[in-house]
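Asks: I need the structure of the sequence given here:
(chains A, B, C and D)
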There are 2 protein chains.
Amino acid sequence: MNLKELSDILGLSQTTVSRALNGYPEVSEATRRKVQAAAAAHNYRPNTRAKALATGRAMAIGHVIPISTKHEMVNPVFADFLAGAGESYAKAGYDMHLSLVADDDQEHAFRELAAKRNVDGLIVHAPLANEPRIPLLREIGLPFVVHGRSSGETGPYSWLDINNRRAFSRATGFLCDLGHRRVALINGLEHMDFALRRRDGYVSNLIDRGITPDPAMMEAAEMTEINGHHSARAMLDMDNPPTAFLVSSMISAMGVRRAIEERGLVMGRDVSVIAHDDDLSYFKNSDGVDVPMFTATRSSVREAGRQAADMLLTQISHPFSDPENRLLEAELTLGQSTAPPPSKG
Amino acid sequence: MNLKELSDILGLSQTTVSRALNGYPEVSEATRRKVQAAAAAHNYRPNTRAKALATGRAMAIGHVIPISTKHEMVNPVFADFLAGAGESYAKAGYDMHLSLVADDDQEHAFRELAAKRNVDGLIVHAPLANEPRIPLLREIGLPFVVHGRSSGETGPYSWLDINNRRAFSRATGFLCDLGHRRVALINGLEHMDFALRRRDGYVSNLIDRGITPDPAMMEAAEMTEINGHHSARAMLDMDNPPTAFLVSSMISAMGVRRAIEERGLVMGRDVSVIAHDDDLSYFKNSDGVDVPMFTATRSSVREAGRQAADMLLTQISHPFSDPENRLLEAELTLGQSTAPPPSKG
DNA sequence: CAAATTCTCCAAAGCGCTTTGACAAACTCA
DNA sequence: TGAGTTTGTCAAAGCGCTTTGGAGAATTTG
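Replies: Here you go, the predicted structure:
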């Protein structure tokens, strides 16, 4: 069922039918109702491609998700972010276009996406501390919103980020206030901007308290359970092991917990842990009844997806507006995994 | 840069330029080279929408991912599946279109996708034991491949699944061979087809051995860490607790481990666990060096994504071919989490 | 060497929609 | 009542591409 057929059935011109369906005022209410009824009855939906061609708007947003070239990893937080963004798109009638691209052909992928004109804008995921995609996108001239920020980037651009620095500073402070002096950081890969900011928050809080950060207690790796386990195991084997861990993800924190328990220690008694919690649907820290497993800095990545999508849609409908920036704060929620350090002897 | 501009620059007709770029034989090699060079120089890419409109093929595949209405959960296995499918699409020049849809408007989403004609086919995720989407898609007439199967569906359709029944039967048998008699099942939601088949494998193997399955040792819930923990905790508190757990996901298995350790027991000594391992990039069971954490039934969901995508593309290019079915076997890999049950006393 | 083929290339139609510009018909108001 | 305005509709152009049906030039054939 296409427009021509529908208008033939109605005995109206395509113009009138199109206008009736798209809410233009040049058509009487009586015919509009008739047209809408017929459209519904025949299950008519305008062909997206034809509509896009005619209007110049694709009504689709692209998500370019980098896959770690070396390890071919695809971060599970994307799933929840996409779920959030998807909600916003659905409300606005936009579609979602996904490209999963190896680190090393991002540029190609972006140019392709722009030249083929199949999206009206895109979301940049997982920005690096020095993010070449931002100037590239400015050059290409496609609206975009970055989920995160890029420290090396000085010009204006739209982003939505959480206050990683503050969250990790607070968490570090909280552990130190409990009496911990040997706090380890198990971070994500530190060419990623968020990881850098988290380290920054951690390091600066320690320094403010007169504690010299110990490089042996800082590790950066992809945030898997296995890596968390490896790093924590190595640190617990040190002569003077940390009494607390600050961990960049719930997933690596599970590995940290495993390492702690392998040593016969108890998390939340012998060793404290604070994890960052993206509030992933499959990795809830709390069931809403028991005390949460981990003390955590929490910020919903799904909500971030919703908001980033909304920002992008606004930007698309107001092309000459200034870039918008949003900084979300993470909550520090208390769980079972923190306590004062065990007294010696 | 569009076709008209490019052909003006070259002093050729749009026809010739189009044909040169699309490999038609009606154009001399000399001009073809000239055209290709100019296209590359001007970074020309045909407008997807125009091309789609002209050819009738969208060159895009839709993925409709259900979001659990009740709990709003989006399963992390999708991320890895999509990564696999994305690889296949990229090779074939296809794009990926994503819809995240609440259970209860799946039908609407499908009809919409079909009527708007923005995909050439789609992948059905997470089929139920009785899956209404399959007859619906047949009616709509869009090519599709199901990731999984639907037991209630009798007609032919294309699917790719793993042998869940066999995998869980083997795992059950393995635990029994070690001497376990009280083996618990912590399953996914049992209106999902895969979960039903897994239970079937588990139950039938027990029965074959003359062990009566105990409903108190079978739990079905969304496969989160928290649910795994809850279920295992409850079972370990029974008068006669299980000595082994068969768990439908690595993620819930982590919760099971937590429950075991909370009781002061050691997994792989006091209590055995076998988990199903989708080989997710962020949840590897093994680092390739140490003995894997869990004894597991393993099948890469990423590879499933690759293959399902290939099947769909083949089906699209051969519209009248018969539906294809692929049953992948899961490996049973030995890890640290299984041992004979502790002897009594 | 004329006729028949084969090579190259082109003009124009068509994909399904939106949107511009025109035009009757119906309504104003003096 | 007639000029001016508003209302409701339509025909046709255009979005950027592919593809059909020729048509002239180059090549081969008898």
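Asks: quick one, domains of chain A?
Replies: As given by automatic domain parsing, the domain ranges for chain A are A:3-46, A:60-161+A:301-328, A:164-299.
Asks: So which of these is nearest residue B:309?
Replies: domain A:60-161+A:301-328 (11.7 Å; CB to CB). Where you see a C-beta, it was placed from the backbone N, CA and C, and this is true even at glycine.
Asks: How about the closest one and chain B, touching?
Replies: Yes. Applying CB under 8 Å from any CB of the partner chain, one finds domain A:60-161+A:301-328 in contact with chain B at A:60, A:63, A:67, A:71-76, A:78-80, A:82-83, A:86-87, A:95-100, A:111-112, A:115-118.
Asks: Of those residues, which qualify as buried by neighbour count?
Replies: A:60, A:63, A:67, A:73-76, A:78-80, A:82-83, A:86-87, A:95-100, A:111-112, A:115-118 (16 or more other CB atoms under 10 Å in any protein chain shown).
Asks: Among these, name the ones in strands.
Replies: For these, the ones inside strands are A:60, A:63, A:67, A:95-100, with DSSP state E as the criterion.
Asks: any chance of those in a markdown table, plus distance to residue A:33?
Replies: Formatted as a markdown table, these follow (distance: CB to CB, whole Å):
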| residue | distance to residue A:33 |
| --- | --- |
| A:60 | 30 |
| A:63 | 39 |
| A:67 | 50 |
| A:95 | 28 |
| A:96 | 33 |
| A:97 | 35 |
| A:98 | 38 |
| A:99 | 42 |
| A:100 | 45 |
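Asks: quick one: which two of the residues you listed are the most distant?
Replies: Top of the distance list for these (CB to CB): A:67 and A:95, 22.1 Å.
Asks: DNA strand D contacts on the stretch 151-300 of chain A?
Replies: Neighbours of DNA strand D within the stretch 151-300 of chain A, by CB under 7 Å from any atom of the strand: none found.
Asks: Show me the helices in the stretch 151-300 of chain A, by range?
Replies: A:164-177, A:193-208, A:225-236, A:250-262 (DSSP state H, counting those that start in this stretch).
Asks: Which positions within the last one qualify as buried?
Replies: Residues of helix A:250-262 classed as buried by neighbour count (16+ other CB under 10 Å): A:250-261.
Asks: Adding distance to DNA strand C and pLDDT, write these out as a markdown table.
Replies: Below are these laid out as a markdown table (distance: CB to the nearest atom of the strand, whole Å; pLDDT from 0 to 100):
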| residue | distance to DNA strand C | pLDDT |
| --- | --- | --- |
| A:250 | 45 | 95 |
| A:251 | 45 | 95 |
| A:252 | 49 | 96 |
| A:253 | 50 | 97 |
| A:254 | 50 | 95 |
| A:255 | 52 | 95 |
| A:256 | 54 | 97 |
| A:257 | 55 | 95 |
| A:258 | 56 | 93 |
| A:259 | 59 | 96 |
| A:260 | 60 | 96 |
| A:261 | 61 | 92 |
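Asks: just those residues now: which is nearest DNA strand D?
Replies: residue A:251 (43.8 Å; CB to the nearest atom of the strand).
Asks: before we move on, the earlier item: give me the subset of the buried residues of helix A:250-262 that also touch chain B.
Replies: A:251, A:254, A:257-258, A:261.
Asks: In a markdown table: these, plus distance to residue B:334.
Replies: Output for these, formatted as a markdown table (distance: CB to CB, whole Å):
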| residue | distance to residue B:334 |
| --- | --- |
| A:251 | 24 |
| A:254 | 22 |
| A:257 | 23 |
| A:258 | 18 |
| A:261 | 21 |
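Asks: Minimum pLDDT in the ones in strands among the buried ones among the residues of domain A:60-161+A:301-328 next to chain B, which residue is that?
Replies: Among those, residue A:67 has the lowest pLDDT, at 83.
Asks: which residues does that residue contact?
Replies: With contact set as CB atoms under 8 Å, 6 or more residues apart in numbering or on different chains, residue A:67 has these partners: A:73-74, A:100-103, B:83.
Asks: Columns distance to residue A:129 on top of those residues, output as JSON lines?
Replies: As requested, these are arranged in JSON lines below (distance: CB to CB, whole Å):
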{"residue": "A:73", "distance to residue A:129": "19"}
{"residue": "A:74", "distance to residue A:129": "21"}
{"residue": "A:100", "distance to residue A:129": "22"}
{"residue": "A:101", "distance to residue A:129": "19"}
{"residue": "A:102", "distance to residue A:129": "19"}
{"residue": "A:103", "distance to residue A:129": "14"}
{"residue": "B:83", "distance to residue A:129": "24"}
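Asks: Sort these by pLDDT and name the bottom one.
Replies: Within the contacts of residue A:67, the minimum per-residue pLDDT falls on residue A:103 (79).
Asks: That one against residue A:69, yeah?
Replies: Yes. Between residue A:103 and residue A:69 there is a contact at 4.4 Å, judged by CB atoms under 8 Å.
Asks: Mutual contacts of these two, please.
Replies: Joint contacts of residue A:103 and residue A:69 (CB under 8 Å, 6+ apart) do not exist.
Asks: farthest-separated two in the ones next to chain B among the buried residues of helix A:250-262?
Replies: A:251 and A:261 (16.4 Å).
Asks: hey, which helix or strand in chain A has the poorest pLDDT?
Replies: Lowest on mean pLDDT, DSSP states H and E among the helices and strands of chain A sits helix A:106-115, with a mean of 87.
Asks: how far is that helix from where the chain is centred?
Replies: 21 Å (CA atoms, centre = their mean, to the nearest Å).
Asks: Any part of it near DNA strand D?
Replies: No. Using CB under 7 Å from any atom of the strand, helix A:106-115 never reaches DNA strand D; the gap is at least 8.7 Å.
Asks: That helix: which residues count as buried?
Replies: A:106, A:109-115.
Asks: of all these, which comes closest to residue A:136?
Replies: Once CB to CB is applied, the member of those that ends up nearest residue A:136 is residue A:110, at 5.9 Å.
Asks: Quick one: residues contacting the nearest residue to the closest one once chain neighbours are set aside.
Replies: Spatial nearest neighbour of residue A:110, excluding adjacent residues (CB to CB, 6 or more residues apart in numbering or on different chains): residue A:136 at 5.9 Å. If you count contacts by CB under 8 Å, 6+ apart, residue A:136 has them with A:107, A:110-111.
Asks: okay if I get those as a markdown table plus distance to DNA strand C?
Replies: Listed next are the contacts of residue A:136 as a markdown table, based on distance: CB to the nearest atom of the strand, whole Å:
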| residue | distance to DNA strand C |
| --- | --- |
| A:107 | 31 |
| A:110 | 26 |
| A:111 | 25 |
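Asks: Kindly reformat those as JSON lines containing distance to residue B:310.
Replies: Shown next, in JSON lines, are those (distance: CB to CB, whole Å):
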{"residue": "A:107", "distance to residue B:310": "27"}
{"residue": "A:110", "distance to residue B:310": "26"}
{"residue": "A:111", "distance to residue B:310": "27"}
